[in-house]
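**Q** got a predicted structure plus its sequence, pasted below:
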Amino acid sequence: MQIFNKFLLSLLILTFCNLKSQHADQSTYSQLTNLFDAYPENDERAMVFVNMFISKAKKEKQASKLIAGYEEAVYYSRSVVRKIKYADSAVAVAHLMNDPDMISTSHLKRGIVFYYNKRDYRKALQEYLIAFKSAKNTEDLYLFNKILYHLGMVRSYLGYYQEAVTHFNETASYYEKNSSANDDPIIISNYEHGYLNSIYRLSACYRNMRLYKKEDSLIQIGIKRSDQSVAFAQELAYFQKAKGIQCLRNGQTAAAEKFLKNAEHILKDKEDFAALATVDFYLGKLYFINGRRKESLVYLKKVDSILDKFNLVTPEAVNSYKYLIQDAKDKRDDRLQLYYTNKLLKADSLLTSDFALLTTQIYREYQIDRLNESRDKLVKKHKYGSAFLSLILAFGSLAFYFFIVRYRRKEKLLTIKYNELLEKLKKADENSKEPVKINPSTIKSIYSDELVAEIRKNLKIFEEKKQFLKKDLKLPDVARLIKSHRSALSFVLNEHMDTTFTQYIKVLRIQYITKQMMDKEIYLRYSMDTLAAECGMKNRNVFSNHFLEINGIRPTDFVRKRRKELDMT
């Protein structure tokens, strides 16, 4: 029956694609939603209908529907890069709408992609903080509690368990109250998911605070409520994982293995690799303690594989390296011991730097905001009557003045650099209209003038086709693309064009993305990661450094200046 249903679904897709051009505009948003709702998360087949939904929203200029379409694209895209790109697009449209709730929602969802899909906790926190600030005056309590939940996640990750407990208690109370106050099954399910996830995170905080009785009562509630429907399978796995850890702590190894194995099965199916890494670590630890070394190593190496594949670092999973190092010591395998020691040091340094930056950021952008509110209340209460308060205000004013002077100087310099770049771009456009002249080289060449001219001509085609946007391009790759030899290409670049291959590709990429940012406003809404990917660069750091080198200004400053310029026109 299941095979027959899949056959019918595939037949429906083929039929629908054939009629797409004729009937796409006639389909309602509801009909398109019903079509892609039939697919699970990360299933690219749904994108046929999602793209139709997006095209329809664009054509009809329905901004809220367009955001909904981009959010569906995030859900069904398998590639993390594409997920971020669609999330960027949703953020861009939300800002154009200038709707605080839409802005808050889109930043929250982009943060979720960074947190769960890319495991970039710093960027996730940035997005959550923007969402929090935009939602401070919202009447949408569901949205506000979602943001609060995700901020609690970051606090818990940092080890601020008491503060995270406050967040999760608040969200659990809100979701439970509203779950029983609704009749709609879908709304009830959404609130139940919120409640179960909140009490699971709360139980994890209690475990880390050694409040085991509180943890146990929440685990019991969680297992009982999540076991009632397959819709809560992932939450059930979380609670079973927690129960397995609890049993292992209490020396109940048989029960621990049972709960952890159950969790492992579900988490594999759900592709929740962060939680799976933790489960695999505890299974590895359990078998290691019980002397089942061979089975232990299988699971501990699985953890290592997950950390490598998904660039994932968690405090619990990192401990797996300690057992792998111990095993290497027992085997007197110095090479393996050194290998795992280096991996442990690398993982530990990533955790340390991650924690330091996240802590600073959440303190400055979140705590300071709350502290300022408390300070304002104290100022009103004492009516500036305190000499100590006056001293603080005077010092604050002086610091503020220093900051403003420094800021203005920096802005003045940036404005000069920005205007120089605009002039440079203008001249580049004018020069591009003139025919390219081949300058005769004074250096005696082993290559004929005809071959040099042919390579120059083919490089021009290479540039026009934007083939330089391909990632990881090397000299032999470009030589093959232009049907030349690497040594001949290198000679022409060095002697006739006065550049190196690396510099040549770098300049082309930066010139391309700068032009896109100048001509297309949507590019100004993209994240630095997306812009880097768009021009074929490895990451945002490389992109930012190269942009500064070529244009004399950081891309973030360029975006800010360009937006300001567009706002004034």
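**A** Received, thanks.
**Q** so what's the residue most central in space within the chain up against?
**A** Per CA atoms, centre = their mean, the C-alpha nearest to the average position across the chain is that of Phe114, at 2.1 Å. Contacts of Phe114 were listed using CB atoms under 8 Å, 6 or more residues apart in numbering, and they are 84, 120-121, 123-124, 127. (Glycine included, C-beta is placed from N, CA and C.)
**Q** and those residues, which two are furthest apart?
**A** Within the contacts of Phe114, Ile84 and Tyr121 form the most distant pair, 14.8 Å apart (CB to CB).
**Q** between those two, which one's more packed in?
**A** Neighbour tally, Ile84 and Tyr121, criterion other CB atoms under 10 Å: the higher count belongs to Ile84, 24 against 21.
**Q** need the pLDDT of Val80.
**A** Looking at Val80, its pLDDT stands at 90.
**Q** now it: closest residue in space that isn't a chain neighbour?
**A** Asn117 (4.8 Å; CB to CB, 6 or more residues apart in numbering).
**Q** against Ile84, how distant is the one you found?
**A** With the distance defined as CB to CB, to the nearest Å, Asn117 ends up 8 Å from Ile84.
**Q** now Tyr418
**A** Using CB to CB, we find Tyr418 at a distance of 27 Å from Ile84.
**Q** again with Leu548
**A** Going from Leu548 to Ile84 by CB to CB gives 23 Å.
**Q** same check, this time on Glu534
**A** As judged by CB to CB, Glu534 and Ile84 stand 11 Å apart.
**Q** do the same with Pro476
**A** Going from Pro476 to Ile84 by CB to CB gives 31 Å.
**Q** kindly report the same for Ala231.
**A** As defined by CB to CB, Ala231 lies at a distance of 28 Å from Ile84.
**Q** so where's the stretch 101-250 of the chain shaky on pLDDT?
**A** Across the stretch 101-250 of the chain, the stretches falling below the confidence threshold (pLDDT under 70) are 181-182.
**Q** can you map out the helices along it?
**A** Applying DSSP state H, counting those that start in this stretch to the stretch 101-250 of the chain gives helices spanning 121-134, 141-158, 161-179, 185-208, 212-226, 233-249.
**Q** how about those in TSV, adding distance to Ile266?
**A** Putting those into TSV (distance: least, CB to CB, whole Å) gives the following:
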stretch	distance to Ile266
helix 121-134	24
helix 141-158	20
helix 161-179	22
helix 185-208	14
helix 212-226	10
helix 233-249	4
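**Q** confidence-wise, which helix or strand of this structure is lowest on average?
**A** Among the helical and strand segments of the chain, the one scoring lowest on mean pLDDT, DSSP states H and E is helix 368-382, with a mean of 41.
**Q** what about the nearest residue to Ile221 once chain neighbours are set aside, neighbour count?
**A** For Ile221, ignoring the flanking residues on the chain, the nearest one in space by CB to CB, 6+ apart is Ile199 at 6.4 Å. The number of residues packed around Ile199, counting by other CB under 10 Å, is 25.
**Q** how is this protein divided into domains?
**A** As recorded under automatic domain parsing, the domains making up the chain are 1-120, 252-383, 435-568.
**Q** least reliable of those going by mean pLDDT?
**A** The stretch with the lowest mean pLDDT among these is domain 252-383, which comes in at a mean of 77.
**Q** tell me where the stretch 401-550 of the chain has strands.
**A** Applying DSSP state E, counting those that start in this stretch to the stretch 401-550 of the chain gives no strands.
**Q** what about the helices in it?
**A** Counting by DSSP H, counting those that start in this stretch, the segments of the stretch 401-550 of the chain that form helices are 449-464, 475-481, 486-491, 501-519, 528-534, 540-551.
**Q** before we move on, what about the stretch 251-400 of the chain?
**A** Counting by DSSP H, counting those that start in this stretch, the stretch 251-400 of the chain forms helices over residues 253-270, 273-289, 293-309, 315-318, 320-330, 334-362, 368-382, 387-432, given from the N-terminal end onward.
**Q** for the fifth one, which positions count as buried?
**A** Read that as helix 320-330. 320-321, 323-325, 327-328 (16 or more other CB atoms under 10 Å).
**Q** how about the residues you listed, which pair is most distant?
**A** Pairwise distances among these were taken by CB to CB; the largest, 12.8 Å, belongs to Ser320 and Ala328.
**Q** what about the residue nearest to Phe132 when sequence neighbours are not counted, neighbour count?
**A** Setting aside the residues directly before and after it, Phe132 is nearest to Ile147 in space (CB to CB, 6+ apart), at 5.2 Å. By the criterion of other CB under 10 Å, Ile147 has 27 neighbours.
**Q** so who does Ile147 touch?
**A** Remark: with contacts taken as CB under 8 Å, 6+ apart, Ile147 is in contact with 104, 108, 128, 131-132, 135.
**Q** which residues are in contact with the closest residue to Ile482 other than its chain neighbours?
**A** Closest residue in space to Ile482, ignoring its immediate chain neighbours: Asn458 at 3.7 Å, by CB to CB, 6+ apart. Contacts were defined as CB under 8 Å, 6+ apart; by that measure Asn458 touches 482-484.
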